[in-house]
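Novice: Next come a sequence and a model predicted from it.
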Amino acid sequence: MAARNWRPPQGGGELDLVAWDGGTLVFVEVKFRSSGEWSAPERDIDPDKIHALRRAARDYIRRAAAEEADARFDVICITGEAIDHLRDAFPASVQRV
């Protein structure tokens, strides 16, 4: 793992986990619900959240001297006892959705 709960110095988002998967820098958003009674955890990842994650990732990439093309966003959804890993949950493009 490269980082956990990383925040850009200027603010504007938090990266729950940052890890390397071979040559790919992976930014992982972790969402938890004690049950699926109300909604799926991944539903909290709206366009504003994606924008904040991309902005934080762009800053992390710049500071780590990594290439944007070598990045991806995954989401880990924990609902009760179930854990789902959504690989490439949304495009790594830094353009606003």
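Specialist: That came in fine, so what should we check first? Numbers count the residues shown, from 1 in each chain.

Novice: hey, what's A3 bridged with?
Specialist: A3 has these beta-bridge partners by DSSP bridges: V18.

Novice: Oh, that last question was meant for I76, not what I typed.
Specialist: So, taking DSSP bridges as the rule, I76 has V30, H85 as bridge partners.

Novice: Tell me how far it lies from V30.
Specialist: According to Cβ to Cβ, to the nearest Å, I76 stands 5 Å off from V30. C-beta here means a position set from N, CA and C on the backbone, and glycine is covered the same way.

Novice: who has more neighbours, the two?
Specialist: Neighbours per residue, other Cβ atoms under 10 Å: of I76 and V30, the larger number sits with I76, 18 against 15.

Novice: Provide a list of residues in contact with that one.
Specialist: I76 makes contact with 17, 28-31, 83-86 under the criterion Cβ atoms under 8 Å, 6 or more residues apart in numbering.

Novice: And stretch 62-71, how far out from the chain middle?
Specialist: From the chain centre to the centre of stretch 62-71 is a distance of 14 Å (Cα atoms, centre = their mean, to the nearest Å).

Novice: Which residues belonging to it are considered buried?
Specialist: Across stretch 62-71, burial judged by 16 or more other Cβ atoms under 10 Å covers 66, 71.

Novice: cool, and stretch 44-57?
Specialist: Here stretch 44-57 shows 45, 50-57 as buried, counting by 16+ other Cβ under 10 Å.

Novice: avg pLDDT for stretch 33-40?
Specialist: Averaging pLDDT along stretch 33-40 gives 64.

Novice: Start the count at 30 instead of 1 going forward.
Specialist: From this message on, residue numbering opens at 30, which makes the last subject stretch 62-69.

Novice: and V104, how many neighbours?
Specialist: 22.

Novice: Could you list which residues are in contact with it?
Specialist: Counted by Cβ under 8 Å, 6+ apart, V104 has contacts 57-60, 71, 74, 114-115, 118.

Novice: which two in these are spaced the farthest apart?
Specialist: Greatest spacing in these, by Cβ to Cβ: I74 and H114 (14.1 Å).

Novice: for this structure, what spans make up the helices?
Specialist: For the chain, helices defined by DSSP state H occupy the ranges 76-93.
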